[in-house]
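Visitor: build me a model:
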Amino acid sequence: INAELARDNDGRYRLQSLQDWRRMLAWSDGNHQFVLESDLDLSADNGFSVAYFAGSLDGGNHTLSGLNIGQAGFTRDAGLFGVVANGASLSQLKLTGASVQAHGNAGLLAGRNAGTISQVEATGSVQGGGTFADNSSGGLVGLNSGSISQAVSGGVVSGKQNAGGLVGRNQGQISHASSTASVSATLGQVGGLVGGNQGYQAQISDSSASGNVSTGSVEAGGLVGINYQGASISHSQASGMVSGQDYAGGLVGNNSGGIISDSEASGNVSGRDYVGGIAGITQANGEYHADISDSVARGTVLGRHYVGGVAGASESGFAASYISRSQSSATVSASGNYAGGVAGRLASGGYAAAALISDSGASGSVSGSNYVGGVAGTVAGQYASVLGTAFTGAASSSANAADGQVWLGGVVGYLAAGNLSNIYYNVGSVTLNN
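Guide: Numbers count the residues shown, from 1 in each chain. So this is what the prediction gives:
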């Protein structure tokens, strides 16, 4: 390598031309340090990819343009770098006008990252989802188990499942990142920033997404499709429109044993069942409790059953499910049943685990056919409680009382079981057939 590439004063190998970039491929699996010293046009190297990278690359804030990787046969991880190994690093690099199509994990910068990526930007198109079971698609990285910070992505991302504007599936750390990419997936688990955020080591903080998110299936979120098994989201926001079927949320589609704190969603959300301003559903997952705290929802939330300003439903199981210190000014509308300013349904399961809404509130309008409440459409279960919560909007039901019982309330539409304490609503703000 010393005979082929010059070094800078720091001992890093200098990449000054397309030929130097090609030479790096022969040494990419070693612990070598490289620095990019000029912008490069990769369009002449159609399909070129560094399959495995174990060193470090300082991009020097230079731009790589024209990357084009087609359906790469049986390549499991596709991107400018197929795999960024544990201990490897990429920094200060820009990708523009890039295109990646793959059957496995796909990202403009990397198919899979186990290393450290920082101060990078990528724009272009990613089309993933194919023959491999592991087929996550992201605007920057397909599958991340490493660290990503100060990263920006844009363009268009489409995949089968686990599709995200920045990362398809995250099992590592993402901070100070943003995406403007529009994202779609045929089988769901699609988010404006991350498709699936999985495991207690998966952490998203100080990040945002503004692109539109869509799927004809389940688990669509403005920021994350599914947040599960102890994964966390904090100090983050989403503003794009979200459309899907079941489990559609302004921030997260399905918060399944995940943690959401100090976050905000302002985009309009539409779906079928379990649709919410923050989460389509927030629910315990085995030993993992679900938590939404100190978060805010705005915009419009439209669905059929189980529609809520914060969550379409909040359900405990073996572990608890909490909504605390959170607010919604969203307009909530259900064409069917179970609509609430905070949650369409609050329910505890057969275990002694709480399903709790506390110190929260809703100020938007809430409408539905039946089981409509200013705070919750229905509360069910011995361990379900609404505490210290207010509704200052207007609730209405489109049901006809002549057709049977109509459950409509300023706080709760139907209290099947549970506890209410220190709650209030505006008298006169509840109307039938409005």
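Visitor: what residue ranges in this protein score low on pLDDT?
Guide: Along the chain, the parts satisfying pLDDT under 70 run over 1-3, 71-74, 130-134, 427-428, 433-434.
Visitor: now for the one helix or strand residue 371 maps to, which elements pack on it?
Guide: Of the helices and strands defined by DSSP states H and E, residue 371 is found in strand 370-373. If you count contacts as 3 or more C-beta pairs under 8 Å, 6 or more residues apart in numbering; DSSP states H and E, strand 370-373 packs onto strand 337-340, strand 395-397, strand 408-409, strand 412-415. Bear in mind the C-beta positions are built from the backbone N, C-alpha and C, glycine included.
Visitor: in PDB, list the C-alpha atoms belonging to that strand.
Guide: Presented in PDB, the C-alpha positions along strand 370-373 are these (Å, rounded to 0.1, in the frame of the first residue of the first chain):
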ATOM      1  CA  ASN A 370     -69.400   5.400  19.700                       C
ATOM      2  CA  TYR A 371     -67.200   5.100  22.800                       C
ATOM      3  CA  VAL A 372     -65.900   8.700  22.600                       C
ATOM      4  CA  GLY A 373     -64.200  10.500  25.400                       C
END
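Visitor: re the thing from before, name the stretch among the helices and strands packed on strand 370-373 that sits most buried.
Guide: Most buried of those, by mean neighbour count (mean count of other C-beta atoms under 10 Å): strand 337-340, with a mean of 33.
Visitor: neighbours around residue 321, how many?
Guide: Counted by other C-beta atoms under 10 Å, the residues lying close to residue 321 total 33.
Visitor: same question, the one 3 residues further on
Guide: When neighbours are counted by other C-beta under 10 Å, residue 324 registers 18.
Visitor: ok, it - contacts?
Guide: Residue 324 makes contact with 291-294, 356-360 under the criterion C-beta atoms under 8 Å, 6 or more residues apart in numbering.
Visitor: next: residue 121.
Guide: Neighbouring residues of residue 121 by C-beta under 8 Å, 6+ apart: 93-95, 151-153.
Visitor: do the same with residue 168
Guide: Contacts of residue 168 by C-beta under 8 Å, 6+ apart are 105-107, 128, 136-138, 141-143, 159, 162, 194-196.
Visitor: and it, what helix or strand is that in?
Guide: Element membership for residue 168, per DSSP H and E: strand 167-170.
Visitor: show me how far that strand is from its chain's centre.
Guide: Here strand 167-170 is found 9 Å from its chain centre; the criterion is C-alpha atoms, centre = their mean, to the nearest Å.
Visitor: and it, C-alpha only, in CSV?
Guide: This file holds the C-alpha atoms of strand 167-170, laid out as CSV (Å, rounded to 0.1, in the frame of the first residue of the first chain):
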residue,chain,number,x,y,z
VAL,A,167,-31.6,3.8,8.9
GLY,A,168,-33.7,0.8,8.0
ARG,A,169,-33.2,-1.1,11.3
ASN,A,170,-31.4,0.3,14.3
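Visitor: neighbouring contacts of the following helix or strand past that strand?
Guide: Downstream of strand 167-170, the next assigned helix or strand under DSSP H and E is strand 173-175. For strand 173-175, contacts defined as C-beta under 8 Å, 6+ apart pick out 144, 146-151, 166-167, 193-194, 201-207.
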